[in-house]
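S.K.: Okay, structure incoming, though there's no sequence with it:
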């Protein structure tokens, strides 16, 4: 039986090879090595650019599949065969260092598209499974506007409340662990770009200063009076030199400022999408598949006038947390609220997290809310906690360029 299976497998593979239409593309490119990039970075970027050119020539549209960096790298390793025909590092006449590369890229468009379609379907399947898991038992659930409140256990009656509108869109489809991972990857991308722009700004401003200082140094404001020169002529010449010096110093200042704004505009245009992505990690809430639900310790005070009752919960994660949550029942009738209160075993209270930043600048999860659901009434609310989500340092760094553009 094994021999028959092996024979069928060999025949199947042979059939694929016979019908494969491998195409070969020769691509070549040259790129300068800027002061803010290493030679290795330019080589890697040029190789990726040339490979993409060959892929486009094979009529494979990678943009349609929106691959992550990891998925793109796996695709390049699995499908195209890349041969470096030559790689030359040389200097132009102006001493500018350059890289020239020639590649031979072999690729079967059918195999490539089949691979990409599989990646796309796997991602869609994963998203559906995640969505199903998160939204399990949530059909026809009305997520309401709630008053979000936390009462510390050391307090007996004090309540610090705020009206917060919570919709189903505030809970992301991905888990908090995935969000933290993606946030750290995005932070690395942003930091790399910020470093490049910082270096470019520093080097270009230094070059501007150097050029103007050379011009200014040629203007001698300490010249001696020539014996054949009248006092009036000497004063005029001296004043002219001083004016020229001040003019160059002003031009230098304006040139540096214009350069700052120019680089700031480029930086904001390039980095803005990533900054918005970082902000979304901090504003959204996420489930954590690895966490158990909170336990109800007891149901406390009922206030029929203000329409709320207290739910005392215990949540054990990295540390035990006991909180008193205010459940606002102003959106249902009193009998329904009473029924909920009398059946505490029907409550399902799930923790929700957002992405914060730790002391080392890394993304970390932080408990920010609880999703409170009652199975008997099929009612659901998100009650936010008084948690602090520390803003990513990259957002603050980005504000430097953003403020330059907006002249703040």
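M.R.: Structure's in. What do you need? Bear in mind the structure is a predicted one, so any value in this text is a computation, not a measurement. Residues are numbered from 1 along each chain as shown.
S.K.: Neighbours of residue 321, how many?
M.R.: Neighbours of residue 321 under the rule other C-beta atoms under 10 Å: 15. In short, each C-beta sits where N, CA and C put it, glycine included.
S.K.: is it fair to say it lies in a strand?
M.R.: Yes. Per DSSP: H, G, I helix; E, B strand; the rest coil, residue 321 lies within a strand segment.
S.K.: Contact partners for it?
M.R.: By C-beta atoms under 8 Å, 6 or more residues apart in numbering, the residues touching residue 321 are 314, 315, 367.
S.K.: if we go to 7 Å?
M.R.: Applying C-beta atoms under 7 Å, 6 or more residues apart in numbering, we find residue 321 in contact with residue 315.
S.K.: distance of it from residue 289?
M.R.: Separation of residue 321 from residue 289 (C-beta to C-beta, to the nearest Å): 19 Å.
S.K.: now do residue 81
M.R.: With distances taken as C-beta to C-beta, residue 81 is found 39 Å from residue 289.
S.K.: Next: residue 397.
M.R.: Applying C-beta to C-beta, the value for residue 397 to residue 289 is 33 Å.
S.K.: Of the two, which one has the most company?
M.R.: Each of residue 397 and residue 289 has its neighbours counted (other C-beta under 10 Å); residue 397 has more, 18 against 12.
S.K.: wouldn't that one be in contact with residue 194 here?
M.R.: Yes. Using C-beta atoms under 7 Å, residue 397 makes contact with residue 194 at a distance of 5.5 Å.
S.K.: for stretch 24-38, which positions count as buried?
M.R.: The neighbour-count check on stretch 24-38 (16 or more other C-beta atoms under 10 Å) flags 25, 27, 31, 33, 36, 37 as buried.
S.K.: In CSV, list those along with secondary structure and pLDDT.
M.R.: As requested, the buried residues of stretch 24-38 are exported to CSV (DSSP: H, G, I helix; E, B strand; the rest coil; pLDDT from 0 to 100):
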residue, secondary structure, pLDDT
25, strand, 94
27, strand, 95
31, strand, 90
33, coil, 88
36, coil, 71
37, coil, 79
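S.K.: Quick check: the farthest pair among the residues you listed?
M.R.: Put simply, by C-beta to C-beta the two of the buried residues of stretch 24-38 set farthest apart are 25 and 36, 30.9 Å from each other.
S.K.: Return the list of helices and strands in contact with the longest helix along the chain.
M.R.: Ranked by residue count and defined by DSSP state H, the top helix of the chain is helix 231-283. Counting contacts by 3 or more C-beta pairs under 7 Å, 6 or more residues apart in numbering; DSSP states H and E, helix 231-283 packs against helix 176-217, strand 347-357, helix 393-405.
S.K.: Out of these, which gets nearest to residue 243?
M.R.: Minimum separation from residue 243 across the helices and strands packed on helix 231-283 (C-beta to C-beta) falls at helix 176-217, 12.4 Å.
S.K.: From residue 226, how far off is the residue lying closest to residue 223 once chain neighbours are set aside?
M.R.: Excluding the flanking residues, the one nearest residue 223 by C-beta to C-beta, 6 or more residues apart in numbering is residue 238, at 6.6 Å. Separation of residue 238 from residue 226 (C-beta to C-beta): 12 Å.
S.K.: higher neighbour count, the two?
M.R.: A count of neighbours by other C-beta under 10 Å puts residue 238 above the other of residue 238 and residue 226, at 15 against 10.
S.K.: Show the pLDDT at the more buried one.
M.R.: The model reports residue 238 with a pLDDT of 85.
S.K.: Same check on the one 10 residues further on?
M.R.: Residue 248 is assigned 90 on the pLDDT scale.
S.K.: pLDDT weak spots in the chain?
M.R.: By pLDDT under 70, the weakly predicted segments of the chain are 1-20, 126-170, 220-222, 408.
S.K.: any idea how far the residue nearest the centre of it lies from residue 277?
M.R.: The C-alpha lying nearest the average C-alpha coordinate of the chain belongs to residue 186 (C-alpha atoms, centre = their mean; 3.5 Å). Residue 186 sits at a distance of 5 Å from residue 277 (criterion: C-beta to C-beta).
S.K.: Likewise for residue 55?
M.R.: Distance from residue 55 to residue 277, by C-beta to C-beta: 26 Å.
S.K.: Please say which of the two ends up with more neighbours.
M.R.: Using other C-beta under 10 Å, the more surrounded residue of residue 55 and residue 277 is residue 55, with 22 against 14.
S.K.: Report the contact partners of the more buried one.
M.R.: Residue 55 neighbours (C-beta under 7 Å, 6+ apart): 62, 80, 107.
S.K.: Next, count neighbours for the last one.
M.R.: Using other C-beta under 10 Å, residue 107 has 22 other residues around it.
S.K.: I figured it was touching residue 82, is that so?
M.R.: No. In terms of C-beta under 7 Å, residue 107 does not count as a neighbour of residue 82; the distance is 9.2 Å.
S.K.: Residue 200 contacts residue 264, correct?
M.R.: No. Using C-beta under 7 Å, residue 200 is not in contact with residue 264, being 11.0 Å away.
S.K.: what's the overlap in contacts for the two?
M.R.: In contact with both residue 200 and residue 264: no residue, using C-beta under 7 Å, 6+ apart.
S.K.: which residues of the stretch 51-200 of the chain fall in strands?
M.R.: Assigned by DSSP state E, counting those that start in this stretch, the strands in the stretch 51-200 of the chain fall at 81-91, 97-107, 142-143, 146-151, 160-164.
S.K.: Run through the neighbouring helices and strands of the first one.
M.R.: Pointing back at strand 81-91 there. Using 3+ C-beta pairs under 7 Å, 6+ apart: strand 81-91 touches strand 97-107.
S.K.: Which positions within the strand it packs on qualify as buried?
M.R.: Residues 99, 101, 103, 105, 107 are the ones in strand 97-107 that count as buried (16+ other C-beta under 10 Å).
S.K.: Partner strands of it and their direction?
M.R.: strand 23-32 (antiparallel), strand 81-91 (antiparallel) (DSSP bridges).
S.K.: mind putting these in JSON lines, distance to residue 204 included?
M.R.: Shown next, in JSON lines, are those (distance: least, C-beta to C-beta, whole Å):
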{"stretch": "strand 23-32", "distance to residue 204": "15"}
{"stretch": "strand 81-91", "distance to residue 204": "21"}
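S.K.: Determine which of those approaches residue 256 most closely.
M.R.: Residue 256 sits nearest to strand 23-32 of all these, at 23.6 Å, using C-beta to C-beta.
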